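A.B. asks: generate coordinates for the sequence data below:
(chains A and B)
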Amino acid sequence: MSSSTVVDVESRRGFDWLLTSGFLAVAAVYVRAIGFTPVEARQGPAQKILYVHATSAFVALYLAFALLAVTSALYLWLRDEKLDRVAESAAEVGLVFTTVVLITGPLWGKPIWGAWWTWDARLTATLFLWFLILGYLLLRGAVEEHAMRARYSAVLGLLAAILVPFIHLSVYLFRTLHPMPIVLKPSAPSMPPDMQLTFFSSFFAFALLFAGLLRARYRLATLRDHVEAREGER
Amino acid sequence: MTPDNAFYYHASYVAAAVVYVGYAISLAVRARRLRVQLASQLAPPSKPG
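C.D. replies: As a prediction, the model looks like this:
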């Protein structure tokens, strides 16, 4: 590891404009959702949980875990350690987004369904995916040898990501309590324009936050690998 | 009649903010620890005596 690379990594500390933009965008969406988006008549204010719950789920499933699958597959082919770092970062940040999904879902379910949780296909599969990604991160911590750790976790990452299309289709394949898609469906979104604007703004805000967190996590992984490499040289 | 269930959505928004901000703080803390470790690795060894 050249000292210039280490200096380069060190120089990246300071103000993180991407992460700050992500948080500011999410704050703006909070203001719009709370103060400037109409309350849905049948569900009441609890419907506004959608702007955090569904968009966090979109980011986790279709950005984080899709990226995990792609970079894991590419790692198995190219054996580039940068791909392994991206996969690791996508998994951890995706786990954070899925955690938000699993917290906000029951908070919507209690007032609307009258129950915090139900073991229906979509909820159970999402919880299972959360445990798989947790297992993926624990596996990374348990294997010390770099190449072996990257290879094993790439395989597990790919297997975990297979659940994503299953989770997406679960509401069509099984009788579930979970609402049918109102945005990601063949026909146009079934939402008034005001709510659509909040929803899509929220998606872009959380996607920006994801990008900021992913980059920060990737830099952390790079720094850790430099420190470990120098430790090994001693 | 529209139900009064604002507590649940307020709780959701607060919980999500806590998780995301908490995670960002954990990244900053871990990065800081690593930088301290790296700085100690890069520091020249002190002369004996």
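A.B. asks: phi and psi next, for residue A:40.
C.D. replies: phi -70, psi 130 (degrees, to the nearest 10).
A.B. asks: how about it, nearest residue that isn't a chain neighbour?
C.D. replies: residue A:47 (3.8 Å; C-beta to C-beta, 6 or more residues apart in numbering or on different chains). Every C-beta, even on glycine, is put in place using the N, C-alpha and C of the backbone.
A.B. asks: what about the one you found, how many neighbours?
C.D. replies: A count of nearby residues for residue A:47, using other C-beta atoms under 10 Å in any protein chain shown, gives 22.
A.B. asks: helix/strand/coil for residue A:187?
C.D. replies: Here residue A:187 is recorded as coil under DSSP: H, G, I helix; E, B strand; the rest coil.
A.B. asks: over to residue A:187: give its phi and psi.
C.D. replies: phi -90, psi 180.
A.B. asks: surely the residue nearest to residue A:40 meets residue A:38?
C.D. replies: No: in this structure, residue A:47 is not within contact of residue A:38 by C-beta atoms under 8 Å, at 9.7 Å.
A.B. asks: hmm, the one helix or strand residue A:95 maps to in reach of chain B?
C.D. replies: Assigned by DSSP states H and E, residue A:95 belongs to helix A:81-113. Yes: judged by C-beta under 8 Å from any C-beta of the partner chain, helix A:81-113 comes into contact with chain B at A:93, A:96, A:99, A:100, A:103, A:104, A:107, A:108, A:110, A:111.
A.B. asks: highest neighbour count among those?
C.D. replies: For these, neighbours tallied by other C-beta under 10 Å; top is residue A:93, 28 neighbours.
A.B. asks: does anything pack onto the helix holding residue A:95? Which helices or strands?
C.D. replies: Counting contacts by 3 or more C-beta pairs under 8 Å, 6 or more residues apart in numbering or on different chains; DSSP states H and E, helix A:81-113 packs against helix A:50-58, helix A:65-78, helix A:121-142, helix A:146-161, helix A:193-233, helix B:6-42.
A.B. asks: is chain B within reach of stretch A:58-69?
C.D. replies: No: legend: contact between stretch A:58-69 and chain B by C-beta under 8 Å from any C-beta is lacking; minimum distance shown is 11.0 Å.
A.B. asks: which residues sit against that stretch?
C.D. replies: A:86-87, A:90-91, A:93-94, A:97-98, A:101, A:129, A:133, A:157-158, A:160-162, A:164, A:167-168, A:184, A:203, A:206-207, A:209-210, A:214 (C-beta atoms under 8 Å, 6 or more residues apart in numbering or on different chains).
A.B. asks: so where's chain B shaky on pLDDT?
C.D. replies: B:47-49 (pLDDT under 70).
A.B. asks: report the central residue of it.
C.D. replies: residue B:25 (1.6 Å; C-alpha atoms, centre = their mean).
A.B. asks: interface residues of chain B facing chain A?
C.D. replies: B:2-6, B:8-9, B:11-13, B:15-17, B:19-21, B:23-24, B:27-28, B:30-31, B:34-35, B:37-38, B:41-42.
A.B. asks: tell me the secondary structure for the residue nearest to residue A:40?
C.D. replies: Following three-state DSSP, residue A:47 is assigned to helix.
A.B. asks: once you drop chain neighbours, what's closest to residue A:126?
C.D. replies: residue A:167 (5.8 Å).
A.B. asks: and the one you found, how many neighbours?
C.D. replies: By other C-beta under 10 Å, neighbour count at residue A:167 equals 21.
A.B. asks: contacting residues around it?
C.D. replies: A:61, A:122, A:125, A:126, A:129.
A.B. asks: dump those residues to CSV, plus pLDDT and neighbour count.
C.D. replies: Shown next, in CSV, are those (pLDDT from 0 to 100; neighbours: other C-beta atoms under 10 Å in any protein chain shown):
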residue, pLDDT, neighbour count
A:61, 97, 23
A:122, 94, 22
A:125, 96, 18
A:126, 97, 21
A:129, 97, 25
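A.B. asks: closest to residue A:143 among those?
C.D. replies: Using C-beta to C-beta, residue A:129 is the member of the contacts of residue A:167 that sits closest to residue A:143, with 21.4 Å.
A.B. asks: what's the spacing between the closest residue to the closest one other than its chain neighbours and residue A:136?
C.D. replies: Sequence neighbours aside, residue A:163 is the residue nearest to residue A:129 in space, at 4.8 Å (criterion: C-beta to C-beta, 6+ apart). Here residue A:163 is placed at a distance of 12 Å from residue A:136 (C-beta to C-beta, to the nearest Å).
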